[in-house]
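> pasting the sequence and the predicted model now:
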Amino acid sequence: MKGYNFAYLDEQTKRMIRRALLKAVAIPGHQVPFGSREMPLPYGWGTGGIQVTASVLGAGDVLKVIDQGADDTTNAVSIRRFFARTAGVRTTTRTADATLIQTRHRIPEKTLRDDQIIVYQVPQPEPLFRLEPSRVETRRMHGLADYGLMHVKLYEDIARFGQISISYDYPVMVNRRHLMSPSPIPAFDNPKMHRMPALQLFGAGREKRIYAIPPWTEVRSLDFDDHPFRAINAARPCGLCGATDAYLDEVVTDDRGGRLFVCSDTDHCAERRAAGHVGEEGLKEAAE
Amino acid sequence: MAYVTVKGGEQAIDNAHAWLAEERRGDQSAPDLTLEQIAGQLGRAVDRAMGEGSLYDRELAALAVKQAQGDLIEAAFLLRAYRTTLPRFAHSQPVDTAAMQIKRRISAVFKDLPGGQVLGPTYDYTHRLLDFGLADGADRLAAPMGKSETTKMPRVPDILGHEGLIEPDGSGNAEPGDLTREPLTFPATRDVRLQALARGDEGFLLALGYSTQRGYGGTHPFAGEIRMGEVSVEIEPPELGFAIDIGDITVTECQMVNQFKGSKTAPPQFTRGYGLVFGFSERKAMAMALVDRAMRAEELGEEVTAPAQNVEFVVYHSDNIEATGFVEHLKLPHYVDFQSELQNVRRMQREVAHATERAEAAE
């Protein structure tokens, strides 16, 4: 784009971010402060993810952007356009074709490869912030690996509700050392982070933190031996493609309690339907 | 109902932007606002956008105010997103406000002082009655000219400083921090804290400053001096080795003088709270000075109990661009997380129902 550098950020800023990324990869799960820039999109819209993407994006990359698992949600459209405009890179909606995937709130269903990078948009990088609001304190707690507070919170959940009541942004232990926020992905997606072949990068623009999980790193959702981690999902197949192992959105179809459950990962669902898989809704339509 | 995956986000965004542009223009039979009109007649709005946008450029700020339809946080956001793409050449020498070309200068702690009290273009003593004459368009106006002032106008804290009644000012020779380039770290030094306050939201600082006056971290302040006018900005390029003037800017400065009973290491003396803001923004400068002093509680050995004294709380929450972004991001889709919460609540309700059934069966 005229008047702007490739992928918007100037090269000095990209180098600063890449240095932060290298440090983040070297200390998996550790939050690295960085000089987050003020982006032309608002804080909370993915400024951290956008800066990370801009810093690792090359002219040959193929970019996929999803929000809530979907390529066509307005914010995903807006960010994809931003890079199409400022970097002129190819974009795609197909997970397998992408070299770089920026996401908000989901991990694609298709297993990522070791030649792919996934960039998460992170609103709140500090996993302990609900328990201790001071970042001076939480930094000290990470330094000492002092995570008793979080274990007590999980224990209290079990004592009060009989189970852990966190359903998204479920805290994980990375490389057996750092407690980390997986970003607000549903707990359903947490197991995908464990020993993922792809490089996972996390950008929090407003909070000015970057962190990372190198490929094949151990990522464990916090739990107890007698209360193992359980992912939550609707107990039924996708209405459109019949998938039973994908995370489902609940779509309200009328005002009398009518519901349709469909894949949140729109690319996954479309690919399955193209391959001939049909869900209950599809069968109904075919019968009509 | 046959379910169709929602498509068409791209078209929807384009249409929304087109509608916004039309709304912004308003009734097209009325003349379009010029930037001169905005910079000239909505000066306080332009000042605020420059201050919170951290960019001193009246023309760009006027454009931002126009583009944002007068939404000043949006205008500051536009300026910040532009500013961030500009290279940073240098930091300026400390601005010498003692040499200010004064338009307004008042002190609440002395009846009269060298240079006198200069009211300047203030609303302070206006009666807030709607002036219906303004609605019809005003006549040519001319304020009476005073004699050109040549008396020196020393700053009130400097007057107090001669007697050792007020703590000395910090030295200004080190390179100042810049939180637009380096992430905030704690403990935050005073230069960075002042930068955060100068960029901070006027309303937030006003409320925090006000809270210190109502008992939440009181600082016993006096408005030692408020001055507004033009100062020159100088930089010293390393290759030259001497300072050069790069232009004049209008600023408002407030120096609060606060009571201090002394500590083990410091004698009883007055302490400072400092406020400096682009343009004519007296309310902001005063609030900033109150909050600056409140945040020095720990340094001065005072008990830290109130929000305004909590540096982390103030500095992390004063930036309205960060705040508006994060508050407003709640309108982005969150249905994936909400879905997991739905399933979670349903599961927990089932558990409760089963437990009740079991209890009833056991009776």
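Received the coordinates, thanks.
> do a quick rundown of the strands in the stretch 151-300 of chain B.
Using DSSP state E, counting those that start in this stretch, the strands of the stretch 151-300 of chain B run over B:221-235, B:244-258, B:271-278.
> of all those strands, which lies closest to chain A?
Closest to chain A of these is strand B:271-278 (C-beta to the nearest C-beta; 17.0 Å). For every residue, glycine as well, the C-beta is placed using N, CA and C.
> right, so the strands of the stretch 151-300 of chain B: which one is the most enclosed?
Per residue and on average, the most neighbours among these fall to strand B:271-278, with a mean of 24 (mean count of other C-beta atoms under 10 Å in any protein chain shown).
> and it, C-alpha only, in CSV?
C-alpha atoms of strand B:271-278 as CSV (Å, rounded to 0.1, in the frame of the first residue of the first chain):
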residue,chain,number,x,y,z
THR,B,271,5.9,18.9,47.7
ARG,B,272,5.0,19.1,44.1
GLY,B,273,2.3,17.7,41.9
TYR,B,274,2.8,18.4,38.2
GLY,B,275,0.5,18.7,35.2
LEU,B,276,1.4,19.6,31.6
VAL,B,277,-1.0,19.3,28.7
PHE,B,278,-1.0,20.3,25.0
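> as a whole number, average confidence for it?
For strand B:271-278, the mean pLDDT works out to 96.
> got it, and stretch B:348-358?
Averaging pLDDT residue by residue across stretch B:348-358 gives 90.
> who's in contact with A:Tyr155?
A:Phe224 (C-beta atoms under 8 Å, 6 or more residues apart in numbering or on different chains).
> what's the next secondary structure element after the helix or strand containing it?
For A:Tyr155, the element it lies in under DSSP states H and E is helix A:148-161. Sequence-wise, the next helix or strand downstream of helix A:148-161 (DSSP H and E) is strand A:172-174.
> off-centre distance for that following strand?
Offset of strand A:172-174 from its chain centre (C-alpha atoms, centre = their mean, to the nearest Å): 15 Å.
> just stretch A:67-83 next, same as before
14 Å.
> try stretch A:131-151
23 Å.
> may I see the buried residues of it?
Within stretch A:131-151, the residues that count as buried by 16 or more other C-beta atoms under 10 Å in any protein chain shown are A:Ser134, A:Arg135, A:Glu137, A:Thr138, A:Arg139, A:Met141, A:His142, A:Tyr147, A:Met150.
> before we move on, the earlier item: let's have the strands of the stretch 151-300 of chain B in TSV, adding distance to chain A.
Shown next, in TSV, are the strands of the stretch 151-300 of chain B (distance: least, C-beta to the nearest C-beta, whole Å):
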stretch	distance to chain A
strand B:221-235	20
strand B:244-258	21
strand B:271-278	17
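> before we move on, the earlier item: now flag whichever of the buried residues of stretch A:131-151 is closest to A:Ala24.
A:His142 (13.4 Å; C-beta to C-beta).
> what's around the spatially closest residue to that closest one that is not a sequence neighbour, how many residues?
Nearest residue to A:His142, sequence neighbours excluded (C-beta to C-beta, 6 or more residues apart in numbering or on different chains): A:His178, at 6.4 Å. Other residues lying near A:His178 total 19 when counted by other C-beta atoms under 10 Å in any protein chain shown.
> could you measure from B:Ala135 over to A:Thr74?
41 Å (C-beta to C-beta, to the nearest Å).
> before we move on, back to that, possible to save the buried residues of stretch A:131-151 as TSV with pLDDT and distance to B:Gln349?
Listed next are those as TSV, based on pLDDT from 0 to 100; distance: C-beta to C-beta, whole Å:
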residue	pLDDT	distance to B:Gln349
A:Ser134	92	35
A:Arg135	92	36
A:Glu137	95	36
A:Thr138	96	33
A:Arg139	96	39
A:Met141	97	34
A:His142	98	36
A:Tyr147	97	30
A:Met150	96	26
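> take those residues and keep only those in helices.
Judged by DSSP state H, helices contain the following of these: A:Arg135, A:Glu137, A:Thr138, A:Arg139, A:Met141, A:His142, A:Met150.
> surely the first one meets B:Val311?
No - assessed by C-beta atoms under 8 Å, A:Arg135 is found out of contact with B:Val311, at 11.3 Å.
> between those two, which contacts overlap?
With C-beta under 8 Å, 6+ apart as the test, A:Arg135 and B:Val311 both reach B:Phe186.
> find the least confident helix or strand in chain B, judged by mean pLDDT.
helix B:132-135 (a mean of 86; mean pLDDT, DSSP states H and E).
> so how far is that helix from its chain's centroid?
31 Å.
> kindly check the end-to-end length of stretch B:154-168 for me.
Stretch B:154-168 stretches 15 Å from its first residue to its last (C-alpha to C-alpha, to the nearest Å).
> let me see the mean pLDDT of it.
88.
> which residues in the chain form helices?
Just so you know, I chose chain A. A:11-26, A:47-56, A:74-86, A:135-143, A:148-161, A:190-193, A:266-274, A:280-287.
> to clarify, I was referring to chain B.
Using DSSP H, helices in chain B cover B:9-25, B:35-41, B:43-53, B:58-67, B:72-83, B:132-135, B:156-162, B:190-199, B:202-213, B:282-294, B:311-317, B:320-328, B:335-362.
> so how far is the second one from its chain's centroid?
In this case it means helix B:35-41. Offset of helix B:35-41 from its chain centre (C-alpha atoms, centre = their mean): 21 Å.
> what do you get for the longest one?
Relative to the mean C-alpha coordinate of its chain, helix B:335-362 is positioned 48 Å out (C-alpha atoms, centre = their mean).
> what is the orientation angle of it with helix A:148-161?
50 degrees (axes from the mean of the first three to the mean of the last three C-alpha atoms, to 10 degrees).
> helix B:335-362 packs against which elements?
Counting contacts by 3 or more C-beta pairs under 8 Å, 6 or more residues apart in numbering or on different chains; DSSP states H and E, helix B:335-362 is packed against strand A:248-252.
> helices or strands up against the strand it packs on?
Strand A:248-252 packs on strand A:259-263, helix B:335-362, going by 3+ C-beta pairs under 8 Å, 6+ apart.
> distance to A:Leu100 and mean neighbour count added to those, as TSV?
Below are the helices and strands packed on strand A:248-252 laid out as TSV (distance: least, C-beta to C-beta, whole Å; neighbours: other C-beta atoms under 10 Å in any protein chain shown):
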stretch	distance to A:Leu100	mean neighbour count
strand A:259-263	22	21
helix B:335-362	21	14
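> tell me which of these sits nearest to A:Ser78.
Closest to A:Ser78 of the helices and strands packed on strand A:248-252, according to C-beta to C-beta: helix B:335-362, at 17.4 Å.
> low-confidence regions, the chain specifically.
I'll assume chain A. Counting by pLDDT under 70, chain A contains no low-confidence residues.
> that answer is for a different chain, and I need it for chain B
In chain B, residues with pLDDT under 70: B:1-8, B:138, B:148-150, B:172.
> the same query, at a cut-off of 50, please.
B:1-2, B:4-5 (pLDDT under 50).
> out of the ones in helices among the buried residues of stretch A:131-151, which comes closest to chain B?
Nearest to chain B, judged by C-beta to the nearest C-beta, of these is A:Arg135 at 6.6 Å.
> circling back: report the buried residues of the least confident helix or strand of chain B.
For helix B:132-135, it's none, nothing buried (16+ other C-beta under 10 Å).
> now stretch B:197-214
Result for stretch B:197-214 [16+ other C-beta under 10 Å]: buried residues B:197-202, B:204-206, B:208-209, B:211-212.
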